[in-house]
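Q: predicted model follows, preceded by the sequence.
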Amino acid sequence: MTKTLCITTPQVKKEAPKILEKYSAGYDLITAGQIMSNLTQELRQIRRKKYDTVIFLTPDIQLQRQKDLLKGLLLLAGARAKFFIDTFGNTEKVSWLTFLVKDSPKLILESLLSMILILYIQIKLRMVLVTAKKENKTRLNTITKIAYLRTDHWFGANKAGGSVGHTAGVANAFHELGYELFFISTYTLELLNEKIQVYLTRPSYSLFCNLPEVPEMAYNLKLIKAAERIFLAEKPNLIYQRYSLNNYSGIMLARKFNIPFIIEYNGSFVWMGKHWGRALTFGKVAETIEIANLHAADLIVVVSKPMKDELIGRGIEERKILVNPNGVNPERYSPELDGSTIRKEYNLVDNIVIGFIGTFGHWHGADVLAEAVKHVVQSNPNVHFLFIGDGLLMPKVKRIIKRDKVESFATFTGLIPQVKAPEYLAACDILASPHVSNPDGTPFFGSPTKLFEYMAMGKGIVASDLDQIGEVLKHNHNAILVEPGNVDQLVQGLFTLAEDKDLRERLGKQAREDVIRNYTWEKNAERVMRAVAGLNNERLE
């Protein structure tokens, strides 16, 4: 039998068996992250196994980051046949000849052009910063048409994660409030109202693909050019942009068309890279782009008070910052949903199911929840944990579950489309939000989308008493609150709800009433437009 190794990413790991069946009857599977975590040792083991074929499975060959560098990795694996395949059925062979003749020179050229691009951006945005602090802002006339810019580049960002629900929720809410809105995006969104016009401007990594963070910088040039043509046809009178790493297109479009610019700021990518992942290679450039957006914006929408305080500390005018927590669509997330199909699929029909959904980031606390599994099921063996999603901390979560020998009490679904999330939550009896404090001791600045989705489901919730979470939820009123990172308290909270059906139903009912009253996406959009009107009145004085 042919020996095949498939290297893949978390986004397509779940799809791998179906995609690979036409390439190989049997194969070994490993993620790129596993290899990169210990490159020398992993490569040595791969070469020792003498695979005939090595495949790199990616969501999209055209948009694969560091593709030329990954070609070098495939070549070092030592197999006779090496190639990329993607979810669209595209293939690309890899050979030493093309790597040396074509790919290596391209890497050198790309490095040189990237430095020129970075210098250009720094000069351009420093000029913007000088003028943004001095210039008179545009008068905000009556708003009738909104251009929504969504510029995220991440694989899977159109299907899974809180950002998907947030983006579609806000855009749909503007539409439902009667505003015309068109959407410029790198990807389509399944949750977006079908009546909203969508213009796709996908990034292209044909040249700028190997250096970290540079693809986002280069994308501005393509997006601005495409958006200018769209703006001339659509004639918007307001720009709303969900800020993404290294994007400054909203600034340039607002200045060119002399229309107001609202930026939705969900945190500093420089800070997040430093504390939750890998420090940015071009952190100073990213910081320049961030601060230019913040000074150039007419209104900055943030999801929490700690985020507002951070911006004021960076010299941003308080009057133009709106604190606007996340929200939910209470029709999509509802206690009336039937989760029986999911319960049957995962053989959970007779269990008390404790659910967690997320992208398994450092701040989500999924590893803390994993530590609680053993203690909860020892007290109540009818409890089963459903981990919905995938992400950075998933390997750690699985190691904890395996270490504690509780694999039979935990199910991992892998990534699911956001459109399916309500059905999965409906399959749960209790929902956990075990978020943890920031590693540097600063206030937790998040407004977890899952929190409001949990509330709308009318389920019993156990959550960390952490900044905004502890403001939205009240202990024994609409949830059970526990100390962030405290496994013992988390265990006690989960066990209490598992043992008391009446309590979880009472808390869940109150949670739904509270979220409908205060935290729907429509109310979120209304707060934005009231803030815009307030700025307009201020400028007319």
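A: Perfect, thanks for sending it. Here the structure is a predicted model, which means the values were calculated and not measured. Numbering: from 1, shown residues only.

Q: what residues sit buried inside the longest helix along the chain?
A: Longest helix in the chain, counting residues (DSSP state H): helix 104-132. By 16 or more other C-beta atoms under 10 Å, the buried positions in helix 104-132 come out as 107, 110, 114, 117, 118, 121, 125, 128, 132. C-beta coordinates here come from the backbone N, C-alpha and C atoms, glycine included.

Q: domain-wise, how is the protein divided?
A: Here the domain parsing of the chain from automatic domain parsing is 4-94, 135-327, 340-519.

Q: okay, those domains in TSV with mean neighbour count and distance to residue 334 next?
A: Below are these laid out as TSV (neighbours: other C-beta atoms under 10 Å; distance: least, C-beta to C-beta, whole Å):
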stretch	mean neighbour count	distance to residue 334
domain 4-94	16	27
domain 135-327	19	14
domain 340-519	20	7
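
Q: residue 526 is nearest to which of those?
A: For residue 526, the closest of the domains of the chain is domain 135-327, at 6.8 Å, according to C-beta to C-beta.

Q: summarise which helices and strands the worst-scoring helix or strand of the chain on mean pLDDT is packed against.
A: One helix or strand of the chain scores below all others by mean pLDDT, DSSP states H and E: helix 10-13, with a mean of 75. Judged by 3 or more C-beta pairs under 8 Å, 6 or more residues apart in numbering; DSSP states H and E, the packing partners of helix 10-13 are strand 28-31.

Q: now the strand it packs on, how far from the centre of its chain.
A: Relative to its chain's centre, strand 28-31 lies at 24 Å (C-alpha atoms, centre = their mean, to the nearest Å).

Q: check which element follows that strand along the chain.
A: Elements were assigned by DSSP states H and E; along the chain past strand 28-31, the next helix or strand is helix 32-37.

Q: now do that following helix, average pLDDT.
A: Average pLDDT, helix 32-37: 78.

Q: how far does that helix sit from the chain's center?
A: That offset, for helix 32-37, works out to 21 Å (C-alpha atoms, centre = their mean).

Q: again, but for stretch 370-385
A: 29 Å.

Q: again, but for stretch 430-445
A: On C-alpha atoms, centre = their mean, the centre of stretch 430-445 falls 16 Å from the chain's centre.

Q: residues in contact with the nearest residue to residue 207 once chain neighbours are set aside?
A: Counting by C-beta to C-beta, 6 or more residues apart in numbering, residue 207 lies nearest to residue 110, which is 6.0 Å off, once chain neighbours are set aside. By C-beta atoms under 8 Å, 6 or more residues apart in numbering, the residues touching residue 110 are 207, 208, 209, 210, 211.

Q: check residue 110 and give its pLDDT.
A: Reading off the model, residue 110 has pLDDT 90.

Q: and it, how far is that from residue 83?
A: For residue 110, the distance to residue 83 (C-beta to C-beta, to the nearest Å) stands at 22 Å.

Q: rewinding a little: check which element follows the longest helix of the chain along the chain.
A: strand 145-150.

Q: ok, and what's touching that next one?
A: In contact with strand 145-150 (C-beta under 8 Å, 6+ apart) are residues 167, 170-171, 174, 179-186, 189, 223, 227, 230-231, 234-242, 244, 249-250, 253.

Q: rerun at 6 Å
A: Contact with strand 145-150 is made by 167, 171, 174, 179-181, 183-185, 236-242, 250, as judged by C-beta atoms under 6 Å, 6 or more residues apart in numbering.

Q: so what's residue 254 closest to, chain neighbours aside?
A: In space, residue 254 is closest to residue 261, 3.7 Å off (C-beta to C-beta, 6+ apart).

Q: ok, which of the domains of the chain comes nearest residue 100?
A: Using C-beta to C-beta, the domains of the chain put domain 4-94 closest to residue 100, at 9.7 Å.

Q: endpoints of that closest one, how far apart?
A: Distance across domain 4-94, first residue to last, is 15 Å (C-alpha to C-alpha, to the nearest Å).

Q: compile the domains of the chain into CSV and extend it with columns for distance to residue 530.
A: Converted to CSV, the domains of the chain look like this (distance: least, C-beta to C-beta, whole Å):
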stretch, distance to residue 530
domain 4-94, 38
domain 135-327, 9
domain 340-519, 15
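
Q: one step back: check the gap between the residue nearest to residue 207 and residue 332 for me.
A: For residue 110 relative to residue 332 (C-beta to C-beta), the value is 43 Å.

Q: got it, and residue 34?
A: In terms of C-beta to C-beta, residue 34 sits 35 Å off from residue 332.
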